[in-house]
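Chemist: only geometry, no sequence info:
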């Protein structure tokens, strides 16, 4: 996959780039694995805005993903598809019983390739197995946090984690964020790297392109009045010099740690914040 630049017929196209979609083999999803998706506009079930600057955008349908494949399957990749709900590509696969699934595609998946799930299988690209059966040093993705619950970690485009060690029933993983953490050896993972490696290098280039994604404009606090934002007010000079950045409601932000899940702190061997400015 590579990045495609536009011939600059307009000012916006001078900076805009896109993916070339060369890995995709079909643009028609499987109807039985597609569901309607209602636009929430950043609101929760009480109608309150919990994520700002959301709304509008093109209509999307949700592809039903399978993050917890059954054991002892031999799956054949029938199509590689675009999914508007995630950055990675997805693969339409069929098992030996004729059942279809949508799974995350990795960089090695192509139309016609096969892979397996289970414990007693070969260590090959795309195969899914428990971490205790994967050699140390292997790159993996779609990793479980709880055995049997399905993949929860390392699912974004181009992501991969490295298996660093196995000891006392735990596997040590180096995450894409550089955090080093432990998970149970019985958790499953797929071998390889998530597809669409160049996703992070795409330049949006035009405001309308973000609107079609359902992202509305964001106004900086420093250009607001003092009554509207902690950064607002002033005579047009420097704003907020020497003050910590804050949200519109006065809470510290931009570097302020919000993680409170202390139950799993013991599983983190090295934080992703180590070596950075506190």
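Modeler: Sure thing, it's come through. What you see is a predicted model, and the numbers here were worked out from it, not measured in a lab. Numbers count the residues shown, from 1 in each chain.

Chemist: the residue of the chain most remote from its centre: which element?
Modeler: The outermost residue of the chain, judged against the average C-alpha position, is residue 235 (41.6 Å), by C-alpha atoms, centre = their mean. According to DSSP states H and E, residue 235 maps onto no helix or strand at all.

Chemist: thinking residue 151 is in contact with residue 68, fair?
Modeler: Yes - assessed by C-beta atoms under 8 Å, residue 151 is found in contact with residue 68 at 7.3 Å. C-betas here are computed from N, CA, C, even on glycine.

Chemist: so, low pLDDT: which residues of this structure?
Modeler: 1, 239-241, 275-278 (pLDDT under 70).

Chemist: how is it carved up into domains?
Modeler: Listed domain ranges for the chain are 3-199, 219-278 (source: automatic domain parsing).

Chemist: hmm, residue 36 and residue 64 touching each other?
Modeler: No - using C-beta under 8 Å, residue 64 makes no contact with residue 36, being 11.7 Å away.

Chemist: quick one: which of those two has more around it?
Modeler: A count of neighbours by other C-beta atoms under 10 Å puts residue 64 above the other of residue 64 and residue 36, at 12 against 8.

Chemist: identify the bridge partners of residue 100.
Modeler: Note on residue 100: beta-bridge partners by DSSP bridges are residue 94.

Chemist: swap that for residue 76, please
Modeler: The partner residues for residue 76, given DSSP bridges, come to residue 94, residue 114.

Chemist: count of neighbours near it?
Modeler: With other C-beta under 10 Å as criterion, residue 76 counts 15.

Chemist: ditto for residue 126
Modeler: Neighbour tally, residue 126, other C-beta under 10 Å: 24.

Chemist: quick one: contacts for it?
Modeler: By C-beta atoms under 8 Å, 6 or more residues apart in numbering, residue 126 lies in contact with 106, 108, 109, 113, 115, 190, 191, 192.

Chemist: neighbour count, secondary structure and distance to residue 133 added to these, as TSV?
Modeler: What follows is the contacts of residue 126, written out as TSV (neighbours: other C-beta atoms under 10 Å; DSSP: H, G, I helix; E, B strand; the rest coil; distance: C-beta to C-beta, whole Å):
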residue	neighbour count	secondary structure	distance to residue 133
106	23	strand	18
108	15	coil	19
109	23	coil	21
113	15	coil	21
115	26	strand	14
190	24	strand	12
191	24	strand	10
192	23	coil	15
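
Chemist: list just the nearest of those residues to residue 222.
Modeler: Closest approach to residue 222 among the contacts of residue 126 (C-beta to C-beta): residue 106, at 42.7 Å.

Chemist: show me what contacts the residue lying closest to that closest one once chain neighbours are set aside?
Modeler: Spatial nearest neighbour of residue 106, excluding adjacent residues (C-beta to C-beta, 6 or more residues apart in numbering): residue 192 at 3.8 Å. Residues near residue 192 by C-beta under 8 Å, 6+ apart: 106, 107, 108, 125, 126, 139, 140, 141, 160.
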